Every structure is written in C-alpha cells, then in structure tokens.
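Visitor: Dropping the sequence and predicted coords here.
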Amino acid sequence: MKILFLGDVMGRAGRRAITENLSRLREAWKLDFVVVNGENATSGAGLSGAHAKLLLEAGVDCLTLGDHAFDQKDMLQFIEQEPRVIRPLNFSKSAPGKGARLFTSKSGRKVLVAQALGQVFMKRPFDDPFSAIDPVLKMHPLGGMAQAVIVDMHCEATSEKMAMGHFCDGRASLVVGTHTHVPTADAMVLAGGTAYLTDAGMCGDYNSVIGMDKAEPLRRFITGMPRERFTPANGEATLSGVYIETDDRTGRATKVAMVRNGGLLQAAAP
C-alpha cells in the first residue's frame, strides 16, 4: 500500500493547502490511503464539523485530532456522526467518538488508524498512552485483520514519541508524532518493520511561530505581556508529513520518506 500522513492542519492556510493540492498528490503518487491530523484546522484551535467535511471532501480518508479535539464544541456531536474522524484513545473515558477504527481503503485493503496522547509536558494529565494502544494492536494484528496500522502519537516530548515507536515496532506500519508543528528529519524503518517519524510537522504557513502570525508570539516572548489573541498565519502553506509504502502480506513498511510540499519547505517527492 501507498500511504500518506500529513501533520497538524493549521488554520485557513493549512486547509487551503489540503484542498488545493491533495487530489493532485493522490493521483501523482497513486495513494491508497490518506490520514491528516486536523486538530488545529479551525482558527488554530480544534476542528469544526464544517472544516472536517471540507477536508474529507478534498480526499482525506481519516482525520485525527489531539488535545484540542473538542475546542470547537460542535465536534462533540459531529464525531458521533462521522466515523472518519477519530480522537485520542486516552482523551477521556466520557469523550464521544472512537480512538481507533478499522477503515477500508479504496483498493479494498483494511487499514487501522489509532491515536494516543502523550503525558510528558502536556498541559493536562491523560491516561497512560502505552496501555491504551496495546489492546488495540493486539485486537488488530498487523498482516492479519489489518493490512496496515497507523499510530498517531500526539505529544510534546520527542523521547515519548520515540518510545511509542519502539513499543509498536513490528505491530504497526507507521508510528508518527504530531503536536509540535515542527517537522523532524529522522524518518526511518525500525528493526521490526515499523516506519517512524518523530514529528510530521504542520500543514500551514512556516513564515510564522508554529503556525501563528509572528507579531503576538514575539511580543510575548520579548516583553512577557500579551496584547492580542494569537491568530494563524495565512501565507502560502507547506504540506508536511510522511509517505510510506507497505508490504500487503505482512503490513510492514518497505519505504519511508518525509514530505515537504510547497511554501517555505521543499523536499523531493517520495
């Protein structure tokens, strides 16, 4: 299978980058399945139902969320109606929606997508992500019920993301980090056949401070005083993420490549 995962969609610029480019990339790269983290797509904080529909109509097969999963209140109802949106497994026991789901790709192959929130340096405490993801992987063995397994590890600490990669090695096709909006350069296939990238980066305007217009973050860093709300930067966006190819029989990754398309960051096509 050929799978594309794109990092946190940031505001209008990120949405525009998806709607204007994804269909072209799906065709050019012959993609079987596309996962996008959409948790900052609406004004940089959460994902609204309307913007979820926009991204799904643009060719996204599954949208993941994160710690801002329900910042847009209509997502509380929307996620129950739209199975293509998943929230973190360990967000809250009372949270609506699902933290993992088995999808059928357009080619008929089964793809499991799961997401977990980390604990290190996060603003609020969440349940243990490792004990949350373990039973899901046991229930959907790679190369059996699921021909590909994608794990979105949404957290701050690179060490926690790396630990999750090794914890899932041989049981997932891809473990990819999200949340920091800064892409890393460590794409690799681990010893057990799991593709790994510490952070996919963001789909947004990189002429910014992690996707926000520079003026207010700079003011706060320099003076320690807020004046305005943060607003997403709205220049040309870069699509940032990771591309993998998997063996249909085993589900293990055979190729991994970072994706940087458009905007300030560019990389060769997979």
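Guide: Good, I have the coordinates. Source: prediction; values computed, not measured. Residues are numbered from 1 along each chain as shown.
Visitor: Tell me where the longest helix sits in the protein.
Guide: helix 11-28 (DSSP state H).
Visitor: For that helix, give me every contacting residue.
Guide: When contacts are defined by C-beta atoms under 8 Å, 6 or more residues apart in numbering, helix 11-28 is touched by residues 4, 6, 8-9, 31, 34, 36, 40-44, 51, 54-55, 58-60, 202-205, 211, 231-239, 261-263, 269. The C-beta positions use only the backbone N, C-alpha and C, and glycine is treated the same way.
Visitor: Mind checking which of the residues you listed are buried?
Guide: With neighbours counted using 16 or more other C-beta atoms under 10 Å, the contacts of helix 11-28 contain these buried positions: 4, 6, 8-9, 31, 34, 36, 40-44, 51, 54-55, 58-60, 202-205, 211, 232-234, 237-239, 261, 263.
Visitor: Just those: which are in helices?
Guide: Per DSSP H, those map to helices at 51, 54, 55.
Visitor: For the second one, give me its contacts.
Guide: The reference is to residue 54. By C-beta under 8 Å, 6+ apart, the contact list for residue 54 reads 15, 19.
Visitor: And for the first one?
Guide: Counting by C-beta under 8 Å, 6+ apart, residue 51 makes contact with 15, 38, 41, 42.
Visitor: so the third one touches residue 50, yeah?
Guide: The reference is to residue 41. No. Counting by C-beta atoms under 8 Å, residue 41 does not reach residue 50; the two are 10.1 Å apart.
Visitor: Would you mark the buried spots in stretch 74-88?
Guide: Within stretch 74-88, the residues scored as buried using 16+ other C-beta under 10 Å are 75, 78, 79, 82, 84, 85, 86, 87, 88.
Visitor: Return the subset of those residues lying in helices.
Guide: For these, secondary structure assignment (DSSP H) places 75, 78, 79 in helices.
Visitor: for those residues, which one is nearest residue 216?
Guide: Proximity of those to residue 216 (C-beta to C-beta) peaks at residue 75, which lies at 25.4 Å.
Visitor: quick one, strands of this structure?
Guide: Ranges of strands in the chain, per DSSP state E, are 2-6, 8-9, 33-37, 62-64, 85-86, 100-104, 110-117, 148-154, 174-178, 188-189, 195-197, 202-203, 239-246, 253-261.
Visitor: nearest to residue 123, of those?
Guide: Residue 123 lies closest, by C-beta to C-beta, to one member of the strands of the chain: strand 110-117, at 10.8 Å.
Visitor: Parallel or antiparallel, which strands does the closest one pair with?
Guide: Strands adjacent to strand 110-117 in the sheet, as given by DSSP bridges, are strand 100-104 (antiparallel), strand 148-154 (parallel).
Visitor: between the last one and strand 2-6, how many degrees?
Guide: Counting by axes from the mean of the first three to the mean of the last three C-alpha atoms, to 10 degrees, strand 148-154 lies at 10 degrees to strand 2-6.
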